[in-house]
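Trainee: Just to be clear, the model below is a prediction. Sequence and coordinates:
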Amino acid sequence: MNLKKFKKESDSVYSLYIKKLTLNNESVLFLPRDLSNKIAKITIEELHIHGKGYIAQSVRSNVNIVRHKGEVGLKEYFEDLIPRAEKGKDGERVNHERAKSGDGDKGRDGKDGKNGRSGISGIKELNLDINIASFGQLDVVLVGESGGHGGNGSDGQGGSHAECDRNRGANGGHGGNGGQGGFPGSVGAINITWQSDLPLITTGQIPFGLNVRQYAGLAGNPGNGGAGGSGGDSVRCGLWKRSGGNPGEPGRIGTSLRGGGDYIFFGRVGDVSIINKDMQ
């Protein structure tokens with residue numbers, strides 16, 4: 001489904017009317033990626049669910065996470081299944097041939113890694129107004145995008161070696177700093193209003209078989225700093241000695257979005273509201 005099927009009510013609000021929708025055999029109605037950070041209002045006059053179906057939005061239309069495959073709660077589940085934004089570019093590699101001996105040249109500093117791209121957020125607010133004609137199980141799922149990992153800094157260049165009739169050994173170049181990991185994408189609120197003439201579909205506000213799942217993205221990991229270049233070697237010149245250079249400082253790890261802790265930083269998750277029209 002693409003955004004052209006929706007009516008544009010404003011720059012941030014889009015609506016869609018579906019007269020009849022049938023979902024069966026694990027089929028998925030994927031809402032367009034272009035609804036990210038927008039309000040979507042969807043009315044389904046006649047909804048038929050045979051077995052299990054899904055109404056979902058995911059940046060990469062990832063069927064596996066929508067269909068709930070994997071060990072939920074494990075970090076690896078989110079790392080493997082939630083889409084992740086592009087990693088920041090690693091720092092450009094400087095000349096790794098040592099600076100020319102005897103010239104006293106400090107090694108060139110490494111280049112900094114670029115920041116990871118921020119994750120794309122899901123729908124800001126999903127409003128579903130549905131009339132249930134036949135029902136099995138329906139999952140409504142929103143999936144954000146994780147931030148890209150920061151790029152790694154490149155290594156510094158080694159300093160020039162000492163020579164007796166020229167210079168002492170030069171210092172090595174400093175390593176480039178790592179890039180910051182990207183901010184995680186959020187997922188918005190889900191508001192469902194429904195009604196049905198089916199008997200025994202509910203004893204309250206929520207119909208049996210309706211599940212809501214929201215997966216915000218994870219923050220990207222910071223990039224590592226590059227190693228400092230080695231200092232130039234010293235040299236003995238008869239009774240005296242020309243000293244060598246000092247190694248360059250290693251680059252800093254990228255700024256962490258986790259406040260220095262080990263906890264996993266997720267994007268924001270919106271509220272959920274489910275209302276039975278017959279009980280209003």
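Mentor: That came through fine.

Trainee: Looking at the residue nearest to G229 when sequence neighbours are not counted now. What's its pLDDT?
Mentor: Closest residue in space to G229, ignoring its immediate chain neighbours: G172 at 3.1 Å, by CB to CB, 6 or more residues apart in numbering. C-beta coordinates here come from the backbone N, C-alpha and C atoms, glycine included. You'll see G172 listed with a pLDDT of 93.

Trainee: Does K241 touch V235 like I think?
Mentor: Yes - the criterion here is CB atoms under 8 Å, and K241 meets it with V235 at 7.0 Å.

Trainee: the more surrounded of those two?
Mentor: When neighbours are counted by other CB atoms under 10 Å, K241 and V235 differ, and V235 comes out ahead with 18 against 13.

Trainee: show me the residues around the residue nearest to the more buried one when sequence neighbours are not counted that make contact.
Mentor: Using CB to CB, 6+ apart and skipping the chain neighbours, the partner closest in space to V235 is A162 (4.4 Å). Applying CB atoms under 8 Å, 6 or more residues apart in numbering to A162 gives the contacts 101-102, 168-169, 232-235, 242-245.

Trainee: Low-confidence ranges, the chain, go.
Mentor: 61, 69-79, 102-104, 200, 202-203, 258-264, 280 (pLDDT under 70).

Trainee: any idea where the strands of it begin and end?
Mentor: Ranges of strands in the chain, per DSSP state E, are 7-8, 13-24, 27-30, 39-50, 52-58, 125-134, 137-143, 189-196, 210-215, 235-237, 240-242, 272-276.

Trainee: who wins for proximity to S256 among these?
Mentor: With CB to CB as the criterion, S256 lies closest to strand 210-215 of the strands of the chain, at 22.1 Å.

Trainee: Summarise which helices and strands the closest one is packed against.
Mentor: Counting contacts by 3 or more CB pairs under 8 Å, 6 or more residues apart in numbering; DSSP states H and E, strand 210-215 packs against strand 137-143, strand 189-196, strand 272-276.

Trainee: related to what we said a few turns ago, wait, which of the strands of the chain is closest to L257?
Mentor: By CB to CB (comparing all of these), the closest turns out to be strand 210-215, at 18.0 Å.

Trainee: Direction included, what does the closest one pair against?
Mentor: In the sheet, strand 210-215 lines up against strand 137-143 (parallel) (DSSP bridges).

Trainee: between the strand it pairs with and strand 272-276, how many degrees?
Mentor: With axes from the mean of the first three to the mean of the last three CA atoms, to 10 degrees applied, the angle from strand 137-143 to strand 272-276 works out at 150 degrees.

Trainee: what comes up buried for strand 137-143?
Mentor: Of the residues in strand 137-143, 137-143 count as buried by neighbour count, 16 or more other CB atoms under 10 Å.

Trainee: so which of the strands of the chain gets nearest S118?
Mentor: Going by CB to CB, the one of those nearest S118 is strand 137-143, 15.6 Å.

Trainee: Show residues contacting the closest one.
Mentor: The contact list for strand 137-143 (CB under 8 Å, 6+ apart) reads 23, 47, 49, 51-59, 62, 65-66, 68, 82-83, 122-123, 126, 128, 187-188, 190, 192, 209-215.

Trainee: if we can go back for a sec, mind putting the strands of the chain into JSON lines with distance to V94?
Mentor: Formatted as JSON lines, those follow (distance: least, CB to CB, whole Å):
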{"stretch": "strand 7-8", "distance to V94": "50"}
{"stretch": "strand 13-24", "distance to V94": "49"}
{"stretch": "strand 27-30", "distance to V94": "45"}
{"stretch": "strand 39-50", "distance to V94": "49"}
{"stretch": "strand 52-58", "distance to V94": "40"}
{"stretch": "strand 125-134", "distance to V94": "48"}
{"stretch": "strand 137-143", "distance to V94": "40"}
{"stretch": "strand 189-196", "distance to V94": "49"}
{"stretch": "strand 210-215", "distance to V94": "40"}
{"stretch": "strand 235-237", "distance to V94": "25"}
{"stretch": "strand 240-242", "distance to V94": "25"}
{"stretch": "strand 272-276", "distance to V94": "51"}
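
Trainee: Many thanks, I have nothing further to ask.
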